[in-house]
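*Asks:* what follows is a predicted protein model with its sequence.
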4 protein chains.
Amino acid sequence: MGAVLGHNQYGKAETRVVRVYRDADPHEVVDYNVSVAVVGDFAGIHVDGDNATCLTTDAMKNTVNAFAKEHGDAAREPETFGLALARHFVTDVDPVHRARITLEMYPWRRLHPHAFARDGGHVRTATVTYDGHDAWVVSGVTHLVLLKTTDSEFSGFLQERYTTLPPTHDRILATSLSASWQYDRIDMDFGTAWRAVRRTLLETFAEHDSRSVQHTLHDMGEAVVRSVDGVASIHLVMPNKHHLPIDLSRFGLENRNEVFVATTEPYGLIEATITR
Amino acid sequence: MGAVLGHNQYGKAETRVVRVYRDADPHEVVDYNVSVAVVGDFAGIHVDGDNATCLTTDAMKNTVNAFAKEHGDAAREPETFGLALARHFVTDVDPVHRARITLEMYPWRRLHPHAFARDGGHVRTATVTYDGHDAWVVSGVTHLVLLKTTDSEFSGFLQERYTTLPPTHDRILATSLSASWQYDRIDMDFGTAWRAVRRTLLETFAEHDSRSVQHTLHDMGEAVVRSVDGVASIHLVMPNKHHLPIDLSRFGLENRNEVFVATTEPYGLIEATITR
Amino acid sequence: MGAVLGHNQYGKAETRVVRVYRDADPHEVVDYNVSVAVVGDFAGIHVDGDNATCLTTDAMKNTVNAFAKEHGDAAREPETFGLALARHFVTDVDPVHRARITLEMYPWRRLHPHAFARDGGHVRTATVTYDGHDAWVVSGVTHLVLLKTTDSEFSGFLQERYTTLPPTHDRILATSLSASWQYDRIDMDFGTAWRAVRRTLLETFAEHDSRSVQHTLHDMGEAVVRSVDGVASIHLVMPNKHHLPIDLSRFGLENRNEVFVATTEPYGLIEATITR
Amino acid sequence: MGAVLGHNQYGKAETRVVRVYRDADPHEVVDYNVSVAVVGDFAGIHVDGDNATCLTTDAMKNTVNAFAKEHGDAAREPETFGLALARHFVTDVDPVHRARITLEMYPWRRLHPHAFARDGGHVRTATVTYDGHDAWVVSGVTHLVLLKTTDSEFSGFLQERYTTLPPTHDRILATSLSASWQYDRIDMDFGTAWRAVRRTLLETFAEHDSRSVQHTLHDMGEAVVRSVDGVASIHLVMPNKHHLPIDLSRFGLENRNEVFVATTEPYGLIEATITR
């Protein structure tokens, strides 16, 4: 029976490049994890073992590193760094028809003109895709771990044979938020927009009167598309980091919603897209 | 500006259930990590905070656990366990329109009638989706770490400004294979088919005269769709676990392709689908 | 041939307890990972299978959870929480002769009176040991990731057959610091002392004119024992998170100490104790 | 107040070297993660920033790689590879007084004369220390994940205020075993001894009538020191990978010790040394 090569792509994952801007005073630093994936005229590589159209993944790594120097201004923001890279691969390397650059940017907090501490509270992300005609930019954040100690309830849910959860009117709500959002144009001030989205997500989470993770997720997304200029849609993923109240009555103690076990196994996983 | 709820789904991730079959002699054991995701009539939960259509993720966990007992025969294989669960959620829980069950099955090797050692060499996977009419079953394997010490070259590749990799005619090829494949029907003997696919992947990897990771990946996929009855298509993902020859000439030693550094940063990542 | 039971201990690891102080306004929250290990009269458990002296590890978990309520004031700091727990196990449970409590405390940053974001930049630690007579308190910090872009050199090192590293007079110095220190008494204001140690470590790292990781590590430790009242000794562990300058001359570019690969494989690992 | 440099050591961690023996037919492969730590005359490095006695950690990495070629026979076993390295650092590098080499060896299963699959079921370890006079060899195994479905009970344990665990007379016992053992000499056939220890551990675990994790751990260690020639003592660490029976009666089902949740949070942690 015949076999047909379908969709295929390849690239270099997790190039870890750090760029220091030494002419800035004080020094500035950006810290990236960059992954490249390309689609193109690669059937011969797979079927015939003919590598003539194969841009090596080693060259992709070299390109990422070189662009941190050659396109130093673009490299200050993940979105513009990704755009420069994606356009290069499609424009300058014939067999490449489409390129997708995925970037994680690790935040550093300044301690001193030349010294920094890693701010572990989140990772900024961007995914940039270019096909020779259009470019798509998706910005995001991951590992934003949030918790609220009240203003969260979960009740009135569907009852069936396997439902045993008691309703609760005051629980801890905690999550490790991942969000990604698409802009309606690419000539943005991406840094300013990113900070506005993060601020809106944090404020809405903090102030929301939550009936469920879904309810809070929705209102966080709605606030972003309503209030941050240029955001066309946002996708949010919120694992429910369960904090379960512990029964202390066995030890003659009353747990007035004060002591919780933080558990990760298993976990609710909620996701949705909100569009303007 | 208005905001519209788009695609949304939720579920319970990573329910870790172990089933022992005690009436078997010797005892048998299956060990699963089951994730459930559902799509349905959930707009009210998000927009209005109305949980009337919300099947709790806790109930999903309970269902997975209960089905390991109630549907003990189905639970012997991940595909049939997933089918039983997916059909239940769509059929028995009104607001659920579509369910996707993702299963990891951890292999245990028998030591003794009642004792086992975890065989860490791979994880068997299955993803089952049901929408009330059709069911899709995708079987797979992950973490299958393979290495060959010869019969692998990489040369004749595209040259451009950032290409510095020297060609090689005898290198180590190593990967951590993930494969997933779709059957053309669902009344399969899934266990037998799974073992045939794995055997074919291993044999083709071992015997291939490789011109690139893409070339080997393609021929592994082609061998599966050609030789394993019922497989309609297969998707393979093969990170290139680079083993780089070390320059020992600085120490007056000749490295005749014998000493390598195993590095994970960064890595080539190759993927393709092969269809019958 | 005979066999003799030597040193043995057991306990419950990684009890994840969260305590909310609701009578505080705004709410306060502490988040712990607590591990208990005990030594005592346990030979019969091992040798004869006689559990009469066996405090269950489940009871240790219950105790940690209950103490977060019963000893709520102590639970505000890891050192005092650990002291309460260690004293309880030795004093109240006959077969236990010595208890060691190891605590990780995860920091949260306030967003709002009732909402918090996890501050991922470090973990506060404490290890408390009690033997019925004496108590030892070791405080610490881990995952404090630091980087300086200049004022770091490494040259003049020993030359032998396998030494090929070029000397450098201006390199990036980066580490993920773990430090632990012992106090000369246990009636401390542990929170204030902890913050003073961390501040001293950060300031010394930032301002140091580094000849090696060892040199910086030493001066950080020396600054702590000299300037923070009550610290008798400090142990520092500093992996060298190598940032290697990338040769861009192959692409016609000059890398003026601006572009680096951040690599984790392999890494230098430096540790020392500094005593007052 | 004065500050004194106490114990200090440094080294290169996690050098990942793979050696292929091509003159063997079929090919053989060994795969190591090697960490080096040295103690010596290093006060000047720390205190004065004088690197004259500093063997670079880069040179340590080079040495590990070069020895995989120069001492190819020694590199077939982790113990002999470690001995060659430890002796070199102390003997040939003046300021080094003591060296400790820690090795992980990853097992590969042969598929074909030139192809292998990683056998993920365990890691073989060795720690070798040399001080210029004596050498100590500790062999070991980690990540040996074991489970038995019966012949395990836990009852008759101490009762106190926080004890709520019900006794059980038939439970699942599961662990991820780490063991390390010391030989009474260093002119051993280390590979043969290693296999004998592993076989003894597995057989004793499988056949033991367990009253507790401690009880099984003890009898496993006792069997090794009694039956494997040359083993002077063994240290075992056994986390209790709890498998808790699930209450299915809420769903009208009877769980006859058949369905379990596998949980990792928190876990019992048991360790002991057994000496001959």
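*Replies:* That came through fine.
*Asks:* which residue does chain A have closest to chain C?
*Replies:* Taking Cβ to the nearest Cβ, chain C has its nearest neighbour within chain A at residue A:120, 2.7 Å off. The C-beta positions use only the backbone N, C-alpha and C, and glycine is treated the same way.
*Asks:* that residue contacts residue C:142, doesn't it?
*Replies:* No. Counting by Cβ atoms under 8 Å, residue A:120 stays clear of residue C:142, with 11.5 Å between them.
*Asks:* tell me the helix or strand right after the strand or helix carrying residue A:84.
*Replies:* Residue A:84 is located in helix A:78-92, with elements delineated by DSSP states H and E. As assigned by DSSP H and E, the chain's next helix or strand after helix A:78-92 is strand A:96-105.
*Asks:* is that next one positioned near chain C?
*Replies:* No. Taking Cβ under 8 Å from any Cβ of the partner chain as the criterion, strand A:96-105 and chain C are apart, separated by no less than 11.9 Å.
*Asks:* next helix or strand past that strand?
*Replies:* Following strand A:96-105 in sequence, per DSSP H and E, is strand A:108-112.
*Asks:* pLDDT wise, what is the residue of chain A closest to chain C at?
*Replies:* For residue A:120, the pLDDT comes out at 78.
*Asks:* the longest helix anywhere in chain A packs against which elements?
*Replies:* Using DSSP state H, we find that the single longest helix of chain A is helix A:190-207. Judged by 3 or more Cβ pairs under 8 Å, 6 or more residues apart in numbering or on different chains; DSSP states H and E, helix A:190-207 is in contact with helix A:78-92, strand A:135-148, strand A:173-183, helix A:213-227, strand A:231-240, strand C:108-112, strand C:115-118.
*Asks:* between that helix and helix A:213-227, how many degrees?
*Replies:* 140 degrees (axes from the mean of the first three to the mean of the last three Cα atoms, to 10 degrees).
*Asks:* hmm, back to that, who are the packing partners of the helix holding residue A:84?
*Replies:* strand A:28-40, helix A:57-70, strand A:96-105, strand A:123-130, strand A:135-148, helix A:190-207.
*Asks:* could you give me the buried positions within the helix or strand just after the first one?
*Replies:* Sequence order places helix A:43-48 as the next helix or strand after strand A:28-40, per DSSP H and E. For helix A:43-48, burial by neighbour count (16 or more other Cβ atoms under 10 Å in any protein chain shown) applies to A:44, A:45, A:46, A:47.
*Asks:* correct me, but the third one touches residue A:8?
*Replies:* Yes. When contacts are counted by Cβ under 8 Å, residue A:46 is listed as touching residue A:8 (6.4 Å).
*Asks:* give the residues shared as contacts by the two.
*Replies:* The contact sets of residue A:46 and residue A:8 overlap at B:214, B:272 (Cβ atoms under 8 Å, 6 or more residues apart in numbering or on different chains).
*Asks:* rewinding a little: overlap of the contact sets of residue A:120 and residue C:142?
*Replies:* residue C:122.
*Asks:* these two: which has the busier surroundings?
*Replies:* Set residue A:120 next to residue C:142 and count neighbours by other Cβ atoms under 10 Å in any protein chain shown: residue A:120 wins out with 21 against 15.
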